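Asks: pasted the sequence and its predicted model underneath.
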Protein chains: 2
Amino acid sequence: MALIVQKFGGTSVGSIERIEQVADKVKKHREAGDDLVVVLSAMSGETNRLIDLAKQISDQPVPRELDVIVSTGEQVTIALLAMALIKRGVPAVSYTGNQVRILTDSAHNKARILQIDDQKIRADLKQGRVVVVAGFQGVDEHGNITTLGRGGSDTTGVALAAALKADECQIYTDVDGVYTTDPRVVPQARRLEKITFEEMLEMASLGSKVLQIRSVEFAGKYNVPLRVLHSFKEGPGTLITIDEEESMEQPIISGIAFNRDEAKLTIRGVPDTPGVAFKILGPISASNIEVDMIVQNVAHDNTTDFTFTVHRNEYEKAQSVLENTAREIGAREVIGDTKIAKVSIVGVGMRSHAGVASRMFEALAKEGINIQMISTSEIKVSVVIEEKYLELAVRALHTAFELDAPARQSE
Amino acid sequence: MALIVQKFGGTSVGSIERIEQVADKVKKHREAGDDLVVVLSAMSGETNRLIDLAKQISDQPVPRELDVIVSTGEQVTIALLAMALIKRGVPAVSYTGNQVRILTDSAHNKARILQIDDQKIRADLKQGRVVVVAGFQGVDEHGNITTLGRGGSDTTGVALAAALKADECQIYTDVDGVYTTDPRVVPQARRLEKITFEEMLEMASLGSKVLQIRSVEFAGKYNVPLRVLHSFKEGPGTLITIDEEESMEQPIISGIAFNRDEAKLTIRGVPDTPGVAFKILGPISASNIEVDMIVQNVAHDNTTDFTFTVHRNEYEKAQSVLENTAREIGAREVIGDTKIAKVSIVGVGMRSHAGVASRMFEALAKEGINIQMISTSEIKVSVVIEEKYLELAVRALHTAFELDAPARQSE
């Protein structure tokens, strides 16, 4: 008999009908003999409705009070699911973050979990109850209600699984697992049986929206096996674990991620003196603009070019900051491009395989795709290319790294 | 500097606009120098919306889980008001029943307050904050969320006032005070400056909807001065106190209450034996039908007639129960009437004045109104009459007991 934490998101509990479906699913699992803790989000749309209400009072709602309002969203769904379970003859009880007690710091709207009291939950599980817990919320040491910030329900699920030493944390979503790449771009994309935390982190940070980055970090840190599953379809999903040795034949590349949300900026003819990188990025960071890739090449004629990427929404803001900097440090000019895309190959297997990057570059070259920027980490190679080549590049890489599913054959 | 508890109901916080108005009002009071604790209900309609949601899952929602859902209604309004106050530069903080901690028993959906922890509130008041508390809700000793039942926000206000030894508990409503009778029936009805708890209780139990009976009982028990005021109009309202000696010339009658919600049932030709009243009312009570007035007259020919009133909605149910009983005890017949009304005169002054009842009967006789039933208590005389005479009776009594306001003169 295993102890499983199951997390269902806002669309999975978006209506009474959906909640009834979740109850059916939970009942089935319970009858199979597992102990279950179920973590829920608010009904989809509800959190936004509550925030809108607060914004009608004030553009910048007081964070403490906003948490009091927003936390009611999950409070409603947990009780509805507990009722639906009890109606089905499954003993169940709901708990808010405060009732569990999920202790967080006092950073309202973006609190971090410090500690979880597992006593009540363990006692209920022992009594045969399914325990339904409000995701996304907690309470600080003074008894103030806190929320973990958007998507925080995944984090609640993982933290509960860690605290309870659960056998698995299952995250139910609208996809049936993690894919080698986006199936809308590459029809041959395959669902992965397994992926490591590190790979999942890279995939997530590169734009794959299946899981919250924070919850994956958390799961990795506490070694909580995480499984991504479809809320309303049967299937094994994708297991995310630390266990990279388990399979003998580790594929070199697990997946291909991509991202069209970035824009690049280059400051050219920068005097090549120590501290110049800070002079350029300091003001960007001071303006709260997040920078992703950074490339600086070796200097020639005592000047250098410095390129980085930012979110496309912040391109104009970054450009104006950079133009100020260019004047101050005597750089030649600022140029930029918003029509770019980033494509990344990810896989723990590349650690032990040389030549992965060159195989990537070869595949792109074959298609006549020019590489504008390159950045690498231990388990990832990212390139920036012209946006219009994105699909072509992803498909070419998917084939080059032998990720395509066998044609017409399911799993 | 006084400590005042102010309670605003659902219509007073029924929209963002209304909440802003309440904030203006609270700010004004605060600036006048009083320490303020504000108790709020949910936005009007919200509690019903939440109950409907629960009923979509189950006709008979699990009481514990229903409380988890329903309590979110006030949780939203308290935070919205706290935000609106802070926006106005008035330091404020919101607390749920659990946060305060309002300890109740575990009777979900109709819990009773056992104890209130005043530490947090006192600390906040000391810091100059307005404390906004969710009405209608509490928490039991196990940390389960409870609700006090419909209208329970008044009770929260009074209980807080008692725990804090507040100088006054102000209940803001959609009327500007307690009237000698319903002004829709008697245009000359006057707002009372003052009324005793006992009188208010009789008025409330007789159909005057200004205050929850429970909150008046509570206020009387702990001697909390209670004031009924209009949410959005200025005025002194009506003060409800224990202090009946204060005014030298106590009027004999404070008000006239009435009620069209009852129906009467008579079982005739009942064998006049001991225990027969129990045999008749036992089955009625076992069917959860509440009985109001009960009249049994002296027997003749060894049989008696037994009459009582029930809520009109329960007339048919009561009739069928009574017909069974009639067969069992060998009574002659069951007759009933739904077209009745109850009219009551209420006043602590009648204790020391003989002849109040006869003055009432005289006034009714003058108008040719036949009295069907009579019931009296120390500070009340109630009669049942034909429904069509209701308005006529109330107006006649209002004049007979000199309650009419001086014509064309406002307070």
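Replies: Nice, I can see it.
Asks: hey, let's count contacts and neighbours off CA atoms from now on
Replies: Noted.
Asks: what about the helices in chain A?
Replies: For chain A, applying DSSP state H gives helices covering A:16-31, A:46-57, A:63-70, A:72-87, A:97-100, A:119-126, A:152-164, A:197-205, A:213-221, A:276-286, A:315-329, A:356-366, A:390-400.
Asks: and these, which one's lowest on average pLDDT?
Replies: Looking at these, the lowest mean pLDDT belongs to helix A:197-205 (a mean of 84).
Asks: buried set for that helix?
Replies: Across helix A:197-205, burial judged by 16 or more other C-alpha atoms under 10 Å in any protein chain shown covers A:197, A:198, A:199, A:200, A:201, A:202, A:203, A:204, A:205.
Asks: for chain B, what's its nearest residue on the stretch 251-400 of chain A.
Replies: residue A:288 (26.1 Å; C-alpha to the nearest C-alpha).
Asks: count of neighbours near that residue?
Replies: Counted with other C-alpha atoms under 10 Å in any protein chain shown, residues neighbouring residue A:288 total 10.
Asks: same check, this time on residue A:178
Replies: Counted with other C-alpha under 10 Å, residues neighbouring residue A:178 total 28.
Asks: and if you look at the one 4 residues further on?
Replies: Under the neighbour criterion other C-alpha under 10 Å, residue A:182 is assigned a count of 18.
Asks: now swap in the one 4 residues further on and tell me
Replies: The criterion is other C-alpha under 10 Å. On that basis, residue A:186 has 18 neighbouring residues.
Asks: isn't it up against residue A:393?
Replies: No. Contact criterion C-alpha atoms under 8 Å: residue A:186 and residue A:393 do not qualify, at 10.4 Å.
Asks: find residues that contact each of the two.
Replies: Common neighbours of residue A:186 and residue A:393 (criterion: C-alpha atoms under 8 Å, 6 or more residues apart in numbering or on different chains): none identified.
Asks: I'd say residue A:76 and residue B:67 touch.
Replies: No. Residue A:76 is beyond contact range of residue B:67, at 9.7 Å (criterion: C-alpha under 8 Å).
Asks: roughly how far does residue A:48 sit from residue B:1?
Replies: According to C-alpha to C-alpha, to the nearest Å, residue A:48 and residue B:1 sit 41 Å apart.
Asks: thinking again about what came up before, looking at the helices of chain A, which one is packed in the most?
Replies: Greatest average neighbour count among the helices of chain A goes to helix A:72-87 (a mean of 27), per mean count of other C-alpha atoms under 10 Å in any protein chain shown.
Asks: that helix near chain B at all?
Replies: Yes. Interface with chain B: helix A:72-87 contributes A:72, A:75, A:76, A:77, A:79, A:80, A:82, A:83, A:84, A:86, A:87 (C-alpha under 8 Å from any C-alpha of the partner chain).
Asks: so who does the first one touch?
Replies: To tie it back to what came earlier, the one meant is residue A:72. Neighbours of residue A:72 in contact, by C-alpha under 8 Å, 6+ apart: B:72, B:75, B:76.
Asks: need the contact list for the nearest residue to the last one once chain neighbours are set aside.
Replies: To tie it back to what came earlier, the one meant is residue B:76. Distances taken as C-alpha to C-alpha, 6 or more residues apart in numbering or on different chains put residue A:69 closest to residue B:76, at 4.7 Å, once the chain neighbours are dropped. By C-alpha under 8 Å, 6+ apart, the contact list for residue A:69 reads A:50, A:51, A:54, B:75, B:76, B:79, B:80.
Asks: let me have those residues in TSV, adding distance to residue B:115 as columns.
Replies: Converted to TSV, these look like this (distance: C-alpha to C-alpha, whole Å):
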residue	distance to residue B:115
A:50	31
A:51	33
A:54	32
B:75	20
B:76	24
B:79	23
B:80	26
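Asks: out of these, what pair is the most spread apart?
Replies: Spatially, the most separated pair among those is A:51 and B:75, at 13.6 Å (C-alpha to C-alpha).
Asks: the closest residue in space to residue A:310 that isn't next to it in sequence - how many residues pack around it?
Replies: Take residue A:310 and drop its neighbours on the chain: the residue closest to it by C-alpha to C-alpha, 6+ apart is residue A:291, 4.9 Å away. Number of residues near residue A:291 (other C-alpha under 10 Å) recorded here: 17.
Asks: looking at it, residue A:291 is touching residue A:312, isn't it?
Replies: No. Residue A:291 is beyond contact range of residue A:312, at 10.9 Å (criterion: C-alpha under 8 Å).
Asks: per-residue pLDDT of the spatially most central residue of chain A, please?
Replies: Centrality entry for chain A: nearest residue to the mean C-alpha point is residue A:212, 2.9 Å, by C-alpha atoms, centre = their mean. Looking at residue A:212, its pLDDT is 80.
Asks: ok, it touching residue A:204?
Replies: Yes. Applying C-alpha under 8 Å, one finds residue A:212 in contact with residue A:204, separated by 7.3 Å.
Asks: that older thread, between the contacts of residue A:69, which is closest to residue B:360?
Replies: Checking those one by one against residue B:360 (C-alpha to C-alpha), the nearest turns out to be residue B:75, at 48.4 Å.
Asks: spit out the contact partners of that closest one.
Replies: A:68, A:69, A:72, B:42, B:95, B:96, B:134 are the contacts of residue B:75 under C-alpha under 8 Å, 6+ apart.
Asks: what about the closest residue to chain B within the stretch 101-250 of chain A, how many neighbours?
Replies: Residue of the stretch 101-250 of chain A nearest chain B, by C-alpha to the nearest C-alpha: residue A:143 (6.5 Å). By other C-alpha under 10 Å, the residues close to residue A:143 number 17.
Asks: any regions of the stretch 151-300 of chain A where pLDDT drops low?
Replies: A:151, A:205-208, A:243-250 (pLDDT under 70).
Asks: spell out which residues of chain A are next to chain B.
Replies: Contact residues (C-alpha under 8 Å from any C-alpha) of chain A with chain B: A:16, A:20, A:53-54, A:56-58, A:61-62, A:65-66, A:68-69, A:72, A:75-77, A:79-80, A:82-84, A:86-87, A:93-94, A:99, A:143-144.
Asks: contacts for stretch A:228-247?
Replies: Here stretch A:228-247 makes contact (C-alpha under 8 Å, 6+ apart) with A:8, A:12, A:21-22, A:170-178, A:191-197, A:200, A:210, A:220, A:223-227, A:250, A:348.
Asks: how about a cut-off of 7 Å?
Replies: Identification of contacts with stretch A:228-247 by C-alpha atoms under 7 Å, 6 or more residues apart in numbering or on different chains yields A:12, A:170-178, A:192-197, A:220, A:223, A:225-227.
Asks: what does stretch A:288-304 give?
Replies: Contacts of stretch A:288-304 (C-alpha under 7 Å, 6+ apart): A:268-272, A:305-310, A:314, A:375.
Asks: pretty sure residue A:332 contacts residue A:269?
Replies: Yes. Under the criterion of C-alpha atoms under 7 Å, residue A:332 makes contact with residue A:269 at 4.7 Å.
Asks: for those two, work out which one has more neighbours and name it.
Replies: Each of residue A:332 and residue A:269 has its neighbours counted (other C-alpha under 10 Å); residue A:269 has more, 20 against 14.
Asks: tabulate the helices of chain A in CSV, adding columns for distance to residue B:117.
Replies: Shown next, in CSV, are those (distance: least, C-alpha to C-alpha, whole Å):
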stretch, distance to residue B:117
helix A:16-31, 37
helix A:46-57, 28
helix A:63-70, 20
helix A:72-87, 23
helix A:97-100, 18
helix A:119-126, 23
helix A:152-164, 30
helix A:197-205, 46
helix A:213-221, 37
helix A:276-286, 46
helix A:315-329, 52
helix A:356-366, 66
helix A:390-400, 62
